[in-house]
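Asker: only geometry, no sequence info:
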């Protein structure tokens, strides 16, 4: 990895604490950490921390960087605020941890020809990282030594088409690996040794979360969310048709979370389907009850400009993120 690439990843934006407080766009409902992919009409990709309806902190990486001798783009795909205030996040070409004062506490740079879209904390010192490539890998990394302490190769349908292989990988409380395999149209659960132990067919899955009930909550690029039990039976779902009844044009359902109150939080990524000049008319994130009533909509395209929605962590949810207490 070149020094130029490493420095490009570390570009930091200024903290913003001047955003006017307003509830018109949903900013005041929850405190949250937010990041998203492919804000292609901006020169940077920004992580936002919002409390009390104001953006209190932000951090940015460059959108366009040189990689492998040619220009390519970075994307924010997975971000989590830890209990000590540090934030871990992916950039497509690497993963980092930063402190509130924007010091880099840890960094992993992906080899050329690979991509990273998933990062899960395992306590304070370890992370689970998905590395698309040939081969695609699931890795557990010890951050203090920056060494890989566990790994297995994840089978993919198209080893030569790296970007579309995997999105979220989450280690379950049982120590298995739950993998959203976009290019195989499946969610597959692998045992600790990498042997498949459970799977379900899902068109273009983006996220899969093992809930405390034992069910699995799945989102899809095809614009739906589905909760299934161990037999594969659907026990709850939310579709584009459901969203349309609430005045929401649901495009790609990326991160999906089950909140402590039983509601479901859906990130509606619009960048792949809506031209940038029309993004401001879309909903970025929304919260829906078990009976499919929408009780919160987030649409902040100006001050602050949150950009397309990929990952959001509500900071008023109970539990310690690095202990696996959040269902996201």
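Answerer: That came in fine, so what should we check first? Every value quoted in this text rests on a predicted model; they were computed, and no experiment measured them. Numbering: from 1, shown residues only.

Asker: from here on, just use CA atoms for contacts and neighbour counts.
Answerer: Fine.

Asker: pLDDT weak spots in this structure?
Answerer: The chain contains residues with pLDDT under 70 at 1-23.

Asker: give me the residue at the spatial middle of it.
Answerer: Centroid-nearest residue in the chain: residue 78, 3.3 Å away (criterion: Cα atoms, centre = their mean).

Asker: return the residues in contact with that residue.
Answerer: By Cα atoms under 8 Å, 6 or more residues apart in numbering, the contact set of residue 78 is 35, 36, 89, 90, 117, 118, 119, 310, 311.

Asker: the same query, at a cut-off of 7 Å, please.
Answerer: 89, 90, 117, 118, 119, 311 (Cα atoms under 7 Å, 6 or more residues apart in numbering).

Asker: quick one: what helix or strand has the third one in it?
Answerer: Remark: residue 117 resides in strand 115-122, with elements defined by DSSP states H and E.

Asker: what's that strand packed up against?
Answerer: If contacts are counted by 3 or more Cα pairs under 7 Å, 6 or more residues apart in numbering; DSSP states H and E, strand 115-122 sits against strand 87-90, strand 126-132, strand 166-171.

Asker: to residue 292, which of the ones you listed lies closest?
Answerer: strand 166-171 (24.4 Å; Cα to Cα).

Asker: so what touches that closest one?
Answerer: Contacts for strand 166-171 (Cα under 7 Å, 6+ apart): 117-118, 120, 130, 132, 177-182, 206-208.

Asker: one more: stretch 185-192?
Answerer: Stretch 185-192 is contacted by residues 175-181, 196-205 when judged by Cα under 7 Å, 6+ apart.

Asker: recalculate using a threshold of 6 Å.
Answerer: Stretch 185-192 is contacted by residues 176-181, 196-204 when judged by Cα atoms under 6 Å, 6 or more residues apart in numbering.

Asker: is the nearest residue to residue 124 once chain neighbours are set aside in a helix, a strand, or coil?
Answerer: Closest residue to residue 124 apart from its sequence neighbours, by Cα to Cα, 6 or more residues apart in numbering: residue 322 at 6.4 Å. Residue 322 falls in the helix class when you classify it by DSSP: H, G, I helix; E, B strand; the rest coil.

Asker: neighbours of residue 322, how many?
Answerer: 20 (other Cα atoms under 10 Å).

Asker: and it, how far is that from residue 127?
Answerer: 9 Å (Cα to Cα, to the nearest Å).

Asker: same deal with residue 325?
Answerer: 15 Å.

Asker: show me which of these two is the more surrounded one.
Answerer: Neighbours of residue 325 and residue 127, each counted by other Cα under 10 Å, are more numerous for residue 127; the result is 21 against 14.

Asker: doesn't residue 108 make contact with the more buried one?
Answerer: No - counting by Cα atoms under 6 Å, residue 127 stays clear of residue 108, with 10.8 Å between them.

Asker: what is in contact with these two at once?
Answerer: With Cα under 6 Å, 6+ apart as the test, residue 127 and residue 108 reach no residue in common.

Asker: anything in contact with each of residue 322 and residue 127?
Answerer: Joint contacts of residue 322 and residue 127 (Cα under 6 Å, 6+ apart) are residue 121.

Asker: one step back: how about the contacts of residue 78 in TSV, adding distance to residue 40 and neighbour count?
Answerer: Output for these, formatted as TSV (distance: Cα to Cα, whole Å; neighbours: other Cα atoms under 10 Å):
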residue	distance to residue 40	neighbour count
89	19	25
90	17	26
117	17	26
118	21	27
119	23	26
311	17	27
